[in-house]
Structure formats: structure tokens, C-alpha cells
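In: mind folding the following:
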Amino acid sequence: MKNWSVHLVLLSLCQVGGASAQGHIETALVPSRALGVSKTIVVYLPGSYWRSSRGYPVVYYLHGVGGTERAWTRRVALDSIADSLSRAGVGEAIVVMPDGDSAFWTDWEHPDSYWKSCLTDSARIRPDEPATSDCVPHARYESYLVHDVVSFVDSAYRTLRDRKHRGLGGLSMGGYGAVAIALSHPDLFSAAVSHSGVLSPLSIGSRPCMSKLCFASTVPEILEHRPSSPHRLLVLAFGADTSGWGERDPARLMDRLLAKGQAIPALYFDVGVEDQYLNQNRAFADTLEKRHVRYTYHEWSGGHDRVYWRAHAGEGLSWLLERIGR
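Out: Numbers count the residues shown, from 1 in each chain. Now for the predicted structure:
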């Protein structure tokens, strides 16, 4: 069922006051067996964290291609948005922002295939970062998040350690990661938010779609419709044939849960009407509609950029807090 409404909290950082609600940003180094290296995470702690002894819900926010663990605070000001929502009485949560490189938040089809060439690759996505931290021996980023990061956060902070109080959010590549990981691990996460996400990787046609031609049958066909994506990394991550892409398709992941009679995590996604991934989001909405899965979906004006994400990150975080903060 389509749910076109969401509780909108009007964010006005200059109109709401109260320094007591100011959150705190810190970094931590997470050893990762899945990746074979240690990775830095950025952690937002609510303003009340140091004045209480209670546990907090946790939301994990995933960045897009070319981003880092600092993208959400530097480009979107998610910490300021979280402060504003706290002052408005919406709720509080620990917000964890890990570093997923440009690896699509999945366990790669060929996880050990890129490390050596990455170390000397002048065309790396983030050449400004040292290769020793940008390149990992094992590209198992889903396992890194769900095993290494979640267990570290639960051990290092006062968290509510159950699926009901864990959520995921992301933009672009991270929007895909948030939805795909939530659908792959409903035992860990109860809700996911995607902004401008790559939610139907095999979709190449416009909507509404009345033909199978709206979905790619070969990987070259997919890549042809993704001119701005790092093609070589996509093939290493998802595979050289569509079977690996299908295994990681959010619609296919959802169908597995439905077949097993498992609960579907709550889903929220939005996209700009000038965004290159508009049809992918519509395709995912079509699939949810046909499966009678409830969801919240919005199309707003705007494109695939930080202006759009800053304008709408508050709605996504507010929606998450209403669900995992109860």
C-alpha cells in the first residue's frame, strides 16, 4: 500500500534554541575481520547522553560513492538536523556513520580481487585518501557493518541492543545499502530510509512499465544505463552476469522474506524528480505495491546532490526516530 504521508518536522536551526540539546561528535577506530583492516567511524551522541544512564536506539547512516564516514556531517549536516529534531521533541538516537569506501555496502562477488591493484590504482575513487586506508584486503562491506560495526557500537556505547531499536539510512549508494542490508538482516534492523537510492539495480526503463524490456538481461546493458558509475567496481562487487545482481536486488531480497513469512522492515524512500535514479525508485515502489507491502515514498523537486539531501534528510531521520525510538 502506498503511504504518501509522513509526519514532517519543520527544521529551523536559527529559530529553535537551547544549547543543552547540542549533540557530540566523536570518532572511533573499528577493527574489522571482514575487511582485514581497521576503519574509522563517526559517532553522533545526543545532547542528553552524558547526563543520563539510559540506553539509546541506534541509526546507521551510509554514505554514497566517493564519500567517507564524514560525508553525512560535512555535506548534509546530519548532526545539526539530529540536534534540531531533539529540540523539537521528536526523539534522540545514537547516529553511527561508517566508512564504506565506494564498495556498494555489499559483500563483493569477488571480495579479494581488487586489493593489490587498488594499492597502485591512480584512478581510485578517492585518490586523496592514502591507499592503505582506501584499499582493503577483503571487500566484505555488508559483513563489516552487520558484524564488526554493530558489535563494536553495542560494546562501546549505551545502546538498546535489539532490532526494534536499530535502523539504517543512506543516500545514493548508501540508500541501496540501507534497504538491501535491512532486507537481508531483519533480525538486526527494523527500519530503513533511502534518499536517492539505487533501489532497482536491474531496472533500465521508464515507469509505468508494461514490458520485460524495462529490466536488463545482461550486465553490459546495466552499465550502459549507468554512465556515471565506476563500472569496474560494480562488476567486481555485483558480478559479471546478472545472477549476482539479482541476488543483491532489494526486490528479490524482499521476496525471500515474504516466502519465509518473515516480517518486512519498515521502508521509507524518496527521490528527486530530476534524479537519474527516479525510475529505479518508481520500479521499487511498483514492486512493493504489487506485493502489498506497506511503505512510505516521496518524490520531491531536485536532483542527485547535497542540496536535495540536506533538504530532506530531516524527514527521513524523523521517520526513523518515530519507529525505532518507541
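In: what about the helices in the stretch 51-200 of the chain?
Out: Along the stretch 51-200 of the chain, the segments classed as helices by DSSP state H, counting those that start in this stretch run 71-74, 78-87, 115-119, 131-134, 141-143, 150-156, 173-184.
In: any chance of these in a markdown table, plus mean pLDDT, distance to Arg256 and mean neighbour count?
Out: For the C-beta atoms, the positions are set from N, CA and C on the backbone; glycine is no exception. Converted to a markdown table, these look like this (pLDDT from 0 to 100; distance: least, Cβ to Cβ, whole Å; neighbours: other Cβ atoms under 10 Å):
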| stretch | mean pLDDT | distance to Arg256 | mean neighbour count |
| --- | --- | --- | --- |
| helix 71-74 | 97 | 29 | 21 |
| helix 78-87 | 97 | 31 | 23 |
| helix 115-119 | 84 | 30 | 14 |
| helix 131-134 | 76 | 33 | 14 |
| helix 141-143 | 98 | 15 | 23 |
| helix 150-156 | 98 | 21 | 15 |
| helix 173-184 | 98 | 8 | 28 |
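In: for those, which one sits closest to Gly314?
Out: Minimum separation from Gly314 across the helices of the stretch 51-200 of the chain (Cβ to Cβ) falls at helix 78-87, 4.8 Å.
In: quick one: list the elements packing against that closest one.
Out: Applying 3 or more Cβ pairs under 8 Å, 6 or more residues apart in numbering; DSSP states H and E, we find helix 78-87 packed against strand 37-45, strand 94-97, helix 306-324.
In: run the angle between that helix and helix 306-324 for me.
Out: On the basis of axes from the mean of the first three to the mean of the last three Cα atoms, to 10 degrees, helix 78-87 is oriented at 40 degrees to helix 306-324.
In: since we're on Arg306, how many residues are nearby?
Out: 15 (other Cβ atoms under 10 Å).
In: wait, it touches Ala77, no?
Out: No. If you go by Cβ atoms under 8 Å, Arg306 and Ala77 don't touch, sitting 9.5 Å apart.
In: ok, residues contacting the helix or strand hosting Gly244?
Out: With secondary structure defined by DSSP states H and E, Gly244 is part of helix 242-247. Defining contact as Cβ atoms under 8 Å, 6 or more residues apart in numbering, one finds that helix 242-247 is touched by 109, 201-202, 216-219, 222, 238-239, 252.
In: what is the nearest of these to Ala313?
Out: Closest approach between those and Ala313, by Cβ to Cβ: Pro201, at 23.2 Å.
In: quick one: Ala285 and Arg294 touch, right?
Out: No. Using Cβ under 8 Å, Ala285 is not in contact with Arg294, being 11.6 Å away.
In: which of these two has more neighbours?
Out: The neighbour count for Ala285 versus Arg294, taken as other Cβ under 10 Å, is higher for Ala285 (20 against 12).
In: how close does the more buried one get to Ala180?
Out: When distance is defined by Cβ to Cβ, to the nearest Å, Ala285 is 16 Å away from Ala180.
In: check Ile25 too.
Out: Separation of Ile25 from Ala180 (Cβ to Cβ): 27 Å.
In: which residues of the stretch 1-150 of the chain score low on pLDDT?
Out: Low-confidence segments of the stretch 1-150 of the chain (pLDDT under 70): 1-20, 122-125, 127-128.
In: would you map the strands across it?
Out: According to DSSP state E, counting those that start in this stretch, the stretch 1-150 of the chain carries its strands in the segments 2-3, 24-32, 37-45, 58-62, 94-97.
In: most packed of the ones you listed?
Out: strand 58-62 (a mean of 28; mean count of other Cβ atoms under 10 Å).
In: what lines up beside it in the sheet?
Out: Strand 58-62 pairs in its sheet with strand 94-97 (parallel), strand 166-171 (parallel), by DSSP bridges.
In: how big is the angle separating that strand from strand 37-45?
Out: 120 degrees.
In: spit out the contact partners of Leu267.
Out: Going by Cβ under 8 Å, 6+ apart, Leu267 touches 179, 182, 191-192, 194, 288, 293-296.
In: mind listing the residues bridging to His298?
Out: Per DSSP bridges, residues listed as beta-bridge partners of His298: Asp270.
In: just give me the neighbour total for it.
Out: Using other Cβ under 10 Å, His298 has 18 other residues around it.
In: measure it to Ser229 for me?
Out: Distance, His298 to Ser229, using Cβ to Cβ: 24 Å.
In: again, but for Arg158
Out: Noted for Arg158: a distance of 39 Å to Ser229, by Cβ to Cβ.
In: can you pick out the residue with more neighbours from these two?
Out: Ser229 (17 against 14).
In: three-state assignment of the more buried one?
Out: Following DSSP: H, G, I helix; E, B strand; the rest coil, Ser229 is assigned to coil.
In: go on, the one 5 residues further on?
Out: Leu234 carries the three-state label helix when classified by three-state DSSP.
In: my read: it touches Ser228, true?
Out: No. Using Cβ under 8 Å, Leu234 makes no contact with Ser228, being 11.3 Å away.
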